[in-house]
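Student: need a 3D model of the following:
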Amino acid sequence: FGVSMLEIGRGTPTTGTFAGISWANTPTFIRISFDATGGNNFIPLGTHELLSVPYALYSGNGLPNGTTPNQLLYWNGTAWVQLAPGNSGESLTLCGNTLTWTTGGICPGFVTTLGCTNAIFSGTLSSGVSATGVSFSIPYTGGNGGPYNGQGVTSTGVTGLTATLISGNFLVGNGTLNYILTGTPSSTGMASFQINIGGASCVISFPVSNLWPSGTVFCSSSTGINDVLNPVTNKTWMDRNLGASQVAVSSADVNSYGDLYQWGRLGDGHQCRNSSISNALSSSDIPGTSNFIVPPFPPTNNYDWRLNQNANLWQGINGINNPCPNGYRVPTSAEINSERNSWITNNSAGAFSSPLKFSLGGIRSSNDGSIGDDGLNGYYWVSDINTTNSMYLIISNNSMISATFRAEGCSIRCIKN
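Tutor: Numbers count the residues shown, from 1 in each chain. Sure thing, here's the model as predicted:
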């Protein structure tokens, strides 16, 4: 008939552990048995239901610890959620089923789903070509009408691109988000964008093609592919010479000259103004060299870089060696002559004042590979031939269509098919 004091949770357990007790499985009881001899012949002393105090211990163990002063903790119906402290002037608002710090009680925008697999693409992406007029639209469902911030998402896989979204408000229900692409793709393949907005996420994959003929060498930087329309002839052209880094700002703008091609050759590197010179004529349409081929003297092949001439190398968009990007080709004599006839004056000033802004890139000699007349005259190949020679446009004080040796190096302005 004495009084015994037991401190539950200490000592050495023989079965289980105190920490392993599942206090959530109510009701819970404690039974006390006693053996005065210290053996295993226990006499029950009584069984009692454990009430609130142990459950308070369970409740405390189930709560997450705070990590920041003024942090809040609330039960979302499933679990305890930690809410970071708000800023001065913000109010705590129930947005959907989530407590959120807001300004003026306006809940941030959210959506239920983003539909990247149903995205709509506009424009095309090409390796090494600056993105122009390229975008994609992502549909969403479950918009709450709240605002969203603008964002810029950089590409992975094919790098060099940014998808930009202007800030706005989600529609209530379904709508779309419109992203504008800028930059220059680093290669061919898939440019991927990880989109995270409104509490939802998905991945957009935009294909990047090779717009240039296989094996094209860029001498300094990739030629931008932008269109320019002559309203008089109603023809669309590239706005600059092949290989030029910019549209001409003057007739003698060096950055607008571009490269100098031998008639009928691909952009294999020979067109670079500093390419090496070789006297070895080619026996095939694709020489397999980046050298500017100078025919040996005396010439036995009509001053052509090819041993046996081929007049069909630049004929049309599907020409064997069409050096222009997909959808473009070397113009005919008639097409470039129509452009010449639309100039206000038949000279270099008239050529520059035209919508195409022709510049004076000079010519590379088939005798020794030297470059001359740059800044003085312009020489532009066309696809036509004249017996053993090929035709070109000469831009000078009195511009004209003429013919010259195919081993000469001249500029190219591509026309859209």
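Student: contact partners for the most centrally placed residue in the chain?
Tutor: Among the residues of the chain, the one closest to the centroid is Leu161, at 3.0 Å (Cα atoms, centre = their mean). When contacts are counted by Cβ atoms under 8 Å, 6 or more residues apart in numbering, Leu161 is found next to Leu125, Ala131, Thr154, Ser155, Leu181, Thr182, Gly183, Thr184, Pro185, Ala191, Phe193, Phe206. Quick note: C-beta positions are derived from backbone N, CA and C, even for glycine.
Student: so which of those comes closest to Gly142?
Tutor: Phe193 (21.4 Å; Cβ to Cβ).
Student: now do that closest one against Gly143, distance only.
Tutor: 20 Å (Cβ to Cβ, to the nearest Å).
Student: what stretches of the stretch 1-150 of the chain score poorly on pLDDT?
Tutor: For the stretch 1-150 of the chain, residues meeting the criterion pLDDT under 70 lie at 1, 24-26, 52-64.
Student: just the buried ones out of the contacts of Leu161, please.
Tutor: Buried members of the contacts of Leu161, scored by 16 or more other Cβ atoms under 10 Å, are Leu125, Ala131, Ser155, Leu181, Gly183, Thr184, Pro185, Ala191, Phe193, Phe206.
Student: and the last one, that one's in a helix?
Tutor: So that's Phe206. No. Assessed with DSSP: H, G, I helix; E, B strand; the rest coil, Phe206 is strand; it does not lie in a helix.
Student: go ahead and confirm it touches Ala191.
Tutor: Yes. Contact criterion Cβ atoms under 8 Å: Phe206 and Ala191 qualify, at 4.7 Å.
Student: what's the overlap in contacts for these two?
Tutor: Counting by Cβ under 8 Å, 6+ apart, the residues touching both Phe206 and Ala191 are Leu125, Ser155, Leu161.
Student: out of the residues you listed, who's nearest Thr37?
Tutor: Ser155 (80.1 Å).
Student: do you know the pLDDT at the closest one?
Tutor: Turning to Ser155, the model gives it a pLDDT of 97.
Student: distance check, it against Thr164.
Tutor: From Ser155 to Thr164 the distance is 12 Å (Cβ to Cβ).
Student: and Thr184, by the same measure?
Tutor: 15 Å.
Student: swap in Pro325?
Tutor: From Pro325 over to Thr164 (counting by Cβ to Cβ), the distance is 25 Å.
Student: so for those two, which residue has more residues nearby?
Tutor: When Pro325 and Thr164 are compared for neighbours, Pro325 comes out ahead with 23 against 15, by other Cβ atoms under 10 Å.
Student: which ones are touching the more buried one?
Tutor: Ser126, Val129, Leu211, Trp212, Pro213, Thr223, Ile225, Met238, Cys414.
Student: buried sites along stretch 174-183?
Tutor: For stretch 174-183, by 16+ other Cβ under 10 Å, it's Gly175, Leu177, Tyr179, Ile180, Leu181, Gly183.
Student: what's next to that stretch, contact-wise?
Tutor: Residues contacting stretch 174-183 (Cβ under 8 Å, 6+ apart): 114, 120, 123, 125, 130-131, 134-143, 153, 155, 160-166, 193, 195, 197, 204, 206.
Student: try stretch 96-116
Tutor: Contacts for stretch 96-116 (Cβ under 8 Å, 6+ apart): 72, 74, 76-77, 81, 83-84, 86-87, 89-95, 138-148, 169-170, 177, 195, 197-204.
Student: circling back: now intersect the contacts of stretch 174-183 with the strands, please.
Tutor: 114, 120, 125, 135-143, 153, 161-165, 193, 195, 197, 204, 206 (DSSP state E).
Student: and the buried ones among the residues you listed, selectable in ChimeraX?
Tutor: Of the ones in strands among the contacts of stretch 174-183, the buried ones can be selected in ChimeraX as follows, counting by 16+ other Cβ under 10 Å:
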select :114,125,135,136,138,139,140,142,143,153,161,162,163,165,193,195,197,204,206
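Student: burial of the residue nearest to Asn274 when sequence neighbours are not counted, as a residue count?
Tutor: Nearest-residue entry for Asn274: Cys219, 7.9 Å, with adjacent residues in sequence omitted and distances by Cβ to Cβ, 6 or more residues apart in numbering. By the criterion of other Cβ under 10 Å, Cys219 has 21 neighbours.
Student: can you check Pro213 too?
Tutor: 15.
Student: the longest strand along the chain to strand 135-144, inter-axis angle?
Tutor: Criterion DSSP E: the longest strand present in the chain is strand 172-183. Per axes from the mean of the first three to the mean of the last three Cα atoms, to 10 degrees, the angle that strand 172-183 makes with strand 135-144 is 150 degrees.
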